[in-house]
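[1] need coordinates for the below:
(one chain, ligands or ions: 2)
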Amino acid sequence: MLALLAIETADALRLAEFDPAGVAGVLLSSGRAATLRLDNQREAATPDAPVLVERASWLDFDAATALADPAFDLAVPLKGPYRAVTVPAPDAAAAALRLARIAGILPAFFVRAGDASDALPVAAIDAHEDAGRLRIAARARLPVAHAEDAEIVAFRTPEAADEHVALLIGQPDGRAPLVRLHSECLTGDALGSLKCDCGPQLDAAIAAMQADGWGILLYLRQEGRGIGLVNKLRAYALQDQGFDTVDANTRLGFAIDARDFRVAARMLDLLGQRRIRLLTNNPEKVAQLAAAGIAVIERVPHALPPNRHNERYLATKRDRTGHQL
Ligand SMILES: Nc1nc2c(ncn2[C@@H]2O[C@H](COP(=O)(O)OP(=O)(O)OP(=O)(O)O)[C@@H](O)[C@H]2O)c(=O)[nH]1
Ligand SMILES: [Zn+2]
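    Ligands and ions are numbered 1, 2, ... in the order given. Below is the predicted model of the structure:
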């Protein structure tokens, strides 16, 4: 049993209440630990396993914040040496790091031994990520600017606040539908950001479905490839320091791509569409859908013209994350 205090939402006073004895270590992800060069220590060398940094006397709240938040990596020369020690409950620790991702906060906690009173079981965190628990919650006609004959279907689970939606465009005609898995991007979808290609991809997907007669746009609430808006903006700030989109995610302590496309497979299943043509440049989407029982009979490329702000981002997708661009 672990007691946890998220570093992002704590302060020195709350830390003192949580851990009067000053013994709580700092739990980090393996990616963050590697950035801090802890991975040459045996206790921090297992790929993808959580890492616990021993509480040294100088490791106060501010020092822990610098451990947790890469915004300080270049500005604050980190103190040390850090010592990685055995993680007492590795499954609970891993679940805590998943919970941080779900909550959209930095994956870094003070940890000490906990007791059973109001403990959150690991299974409760797993349920948040269980696509099998998605149900159709509501559906209605929704004419949109470039597809007047459209219907919106909203999905949710009893646990998660995310409301994924499907926009069904046109009428089924017996052919496998053109499908797009679009991950939420507030900056690109709503504000017209030029840093990525999301906005134009969203518009082009709806246009392609309209032209083809019918299709299904899945709008997945996976902002920032699953790390949430605030963390994506932290990644953007790191990109302003020169790191690319892949290294920025790792420095924050997240997977390069934290999305789970079983959500999309489940939505297609609930819509009764198990044979599709998929608009994407990302082979991982095809692979994850296929693994979840959706037959992707065709991959339809979905590349749009670059601009001077997203050229490097698109090159990184091509060179480092396997996008077929
Ligand atoms: N973490 C992070 N997320 C980003 C960044 N830029 C865009 N995103 C998010 O990435 C998601 C879009 O994914 P992309 O990787 O552009 O494309 P894809 O969906 O993998 O592949 P395609 O189907 O080929 O478009 C959206 O959720 C965006 O918010 C970034 O620099 N960092
Ligand atoms: Zn975007």
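
[2] who's in contact with A137?
    A154, F155, R156, E163 (CB atoms under 8 Å, 6 or more residues apart in numbering). C-beta here means a position set from N, CA and C on the backbone, and glycine is covered the same way.

[3] name the next helix or strand downstream of the helix or strand that contains the second one, please.
    Under the criterion DSSP states H and E, the helix or strand holding F155 is strand 150-156. On the C-terminal side of strand 150-156, the nearest following helix or strand under DSSP H and E is strand 164-170.

[4] that following strand close to ligand 1?
    No - for strand 164-170, no contact with ligand 1 is found by CB under 6 Å from any ligand atom; the gap never falls below 12.6 Å.

[5] A138 and E151 touch, don't they?
    No - the criterion here is CB atoms under 8 Å, and A138 misses it with E151 at 11.0 Å.

[6] among the two, which residue is more densely surrounded?
    More crowded of A138 and E151, by other CB atoms under 10 Å: E151, with 15 against 11.

[7] pLDDT value on that one, please?
    E151 is assigned a pLDDT of 98 by the prediction.

[8] OK, contacts around it?
    If a contact means CB under 8 Å, 6+ apart, then E151 has R139, A140, R141, L142, L167, L168 as its contacts.

[9] run through the bridge partners of it.
    R141, L168 (DSSP bridges).

[10] re earlier: C-alpha coordinates for the strand holding F155, CSV please?
    What follows is strand 150-156, C-alpha atoms only, in CSV (Å, rounded to 0.1, in the frame of the first residue of the first chain):
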residue,chain,number,x,y,z
ALA,A,150,-24.6,14.0,-40.2
GLU,A,151,-25.4,12.5,-36.9
ILE,A,152,-23.4,12.7,-33.7
VAL,A,153,-23.0,9.8,-31.2
ALA,A,154,-21.4,10.3,-27.8
PHE,A,155,-19.8,7.6,-25.8
ARG,A,156,-18.7,7.3,-22.2
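
[11] got the phi and psi for the closest residue to F243 other than its chain neighbours?
    What sits nearest to F243 in space, not counting adjacent residues and going by CB to CB, 6 or more residues apart in numbering, is R251, at 6.4 Å. Note on R251: backbone dihedrals following degrees, to the nearest 10 are phi -60, psi -30.

[12] which other helices and strands does the helix or strand containing L67 contact?
    Assigning secondary structure by DSSP H and E places L67 in helix 61-68. Helices and strands touching helix 61-68, by 3 or more CB pairs under 8 Å, 6 or more residues apart in numbering; DSSP states H and E, are helix 12-18, strand 25-28, strand 108-113.

[13] comparing these, which comes out most buried?
    Of all those, strand 25-28 has the most neighbours on average by mean count of other CB atoms under 10 Å, namely a mean of 26.
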